[in-house]
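> A predicted structure for the sequence below; I have some questions about it.
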Amino acid sequence: MSIALYRIDDRLIHGQVVVGWGQPLDCTFIVLVDDEVRDSDWEQDLYRMGVPPHIEIIFASVSEAAARLPAWEGDARVGIVLVPDIDTATALVGQSDRVKKLNVGGIHHRTGRTERLRFVYLSEDERAKLRQLAAKGVDVTAQDVPTARPVPLAEFA
Amino acid sequence: MSEPLRGVIVSHSGLAQALASAVSTITGVAGALVPVSNEGCDNDALGDRLRQAVGEQPAILFVDLPGGSCLTNSIRYAKQHADIAVVTGVNLAMLLDFVFHREITPAEAARRAADAGGKAIRVTAA
C-alpha cells in the first residue's frame, strides 16, 4: 500500500507532516483533501510553497479523493492523505471503504472543544463522530509525530 | 513614514520569543519586535495571533521556515492587509539590523533583512 498515512490535521501541510512524517516515510506525494482549497488557486499556491520540490501535492475534493484512492494506493510512490477535520474524514470514509486507519494528528482549541490530548481538542459531537468511524471498522489513533506513542481512541474520545 | 515599522517574528515553539529576547538584550531596543508562536494554533487561531501582533501599522513578518503553517498563515495575512511584507529564514543577524532601520517601507525592510540575514551565514576557517 502506498498511502502510508491518513491524517486529520487542521494545519494541513506543515512541518510535522512534511518533515516529521514525510522524511521517515520517504513520502513523495501528499493528497490534500479539502473542498475549499480544491477551489482556490492561491490557497493551493500557498501550500505548494510549504513542500520541497521532490514532493508532489495533489489537491482533491472529497468525491475526487474517494474515486482516486485505489489509484493512489497502487502508486509505486509513498503518499500521505490529509484532511482538515473530522467532518471531512467522515465524508471520505462514507464514500470510500479504503480508509482503514486514521491518524488524528492535530485538532486545536476552539470554543466548544475541550482538551483530550495536548494536540487534540474535541467537542462532544466530534468525539461521537470519531467513535462512529471506529464502529465502521476504522482504526483511529492520535499521534502527532512518528516517535510518539499512538494513543488509542478509547484514551482520548 | 509616520511611525517606525513593526517587526513580528513568527515561529514554531518558543523560537520567536527567544529571538526577540536576544535582540533586546544585545541592542537595548525594546518593543520593536513582537513574537508570535504557532504553538497550539490551528490556522484561524494563528491568524488571530498575527492580527493582534501587527495591530494597525505597517509591518514585516519574519518567518522561521520557507514553508509550513507559520509561512502559509503569514502570507495569507499579508494578502489580506496592506503594508505587510514577509521574509523567511529569520535569524538574529537580520533582526539586529532591522531594529536600527525601521524608517523604511515593509518591502524595503524585507529586502534588507534577506541581505543582512544571508550575509551572516558563513563557513569560517577552523
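Structure's in. What do you need? This is a predicted model, so every value here is computed, not measured.

> Count the residues that sit near the residue of chain B found nearest chain A.
Closest approach between chain B and chain A, counting by CB to the nearest CB: residue B:67, at 3.5 Å. C-beta: built from backbone N, CA, C; applies to glycine. Residue B:67 sits with 22 neighbouring residues when counted by other CB atoms under 10 Å in any protein chain shown.

> List the residues that contact residue A:58.
A:29-32, A:72 (CB atoms under 8 Å, 6 or more residues apart in numbering or on different chains).

> same thing but at 10 Å, please
Shown in contact with residue A:58 (CB atoms under 10 Å, 6 or more residues apart in numbering or on different chains): A:29-33, A:64-65, A:68, A:72, A:79, A:81.

> Excluding covalently adjacent residues, which one is nearest to the residue of chain B closest to chain A?
Spatial nearest neighbour of residue B:67, excluding adjacent residues (CB to CB, 6 or more residues apart in numbering or on different chains): residue A:50 at 3.5 Å.

> Show me where the chain has its helices.
Because you didn't say which chain, this covers chain A. Per DSSP state H, chain A carries helices over the ranges A:15, A:22-25, A:35-38, A:41-48, A:62-73, A:86-95, A:124-135.

> Let me rephrase: I mean chain B.
Under DSSP H, chain B gives helices at B:15-27, B:43-54, B:69-80, B:92-99, B:106-119.

> and those as a markdown table, adding mean neighbour count?
Below are the helices of chain B laid out as a markdown table (neighbours: other CB atoms under 10 Å in any protein chain shown):
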| stretch | mean neighbour count |
| --- | --- |
| helix B:15-27 | 16 |
| helix B:43-54 | 17 |
| helix B:69-80 | 21 |
| helix B:92-99 | 20 |
| helix B:106-119 | 17 |
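
> Just put the ones you listed in JSON lines and tack on mean pLDDT and distance to chain A.
Formatted as JSON lines, the helices of chain B follow (pLDDT from 0 to 100; distance: least, CB to the nearest CB, whole Å):
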{"stretch": "helix B:15-27", "mean pLDDT": "96", "distance to chain A": "12"}
{"stretch": "helix B:43-54", "mean pLDDT": "95", "distance to chain A": "6"}
{"stretch": "helix B:69-80", "mean pLDDT": "93", "distance to chain A": "4"}
{"stretch": "helix B:92-99", "mean pLDDT": "97", "distance to chain A": "20"}
{"stretch": "helix B:106-119", "mean pLDDT": "97", "distance to chain A": "16"}
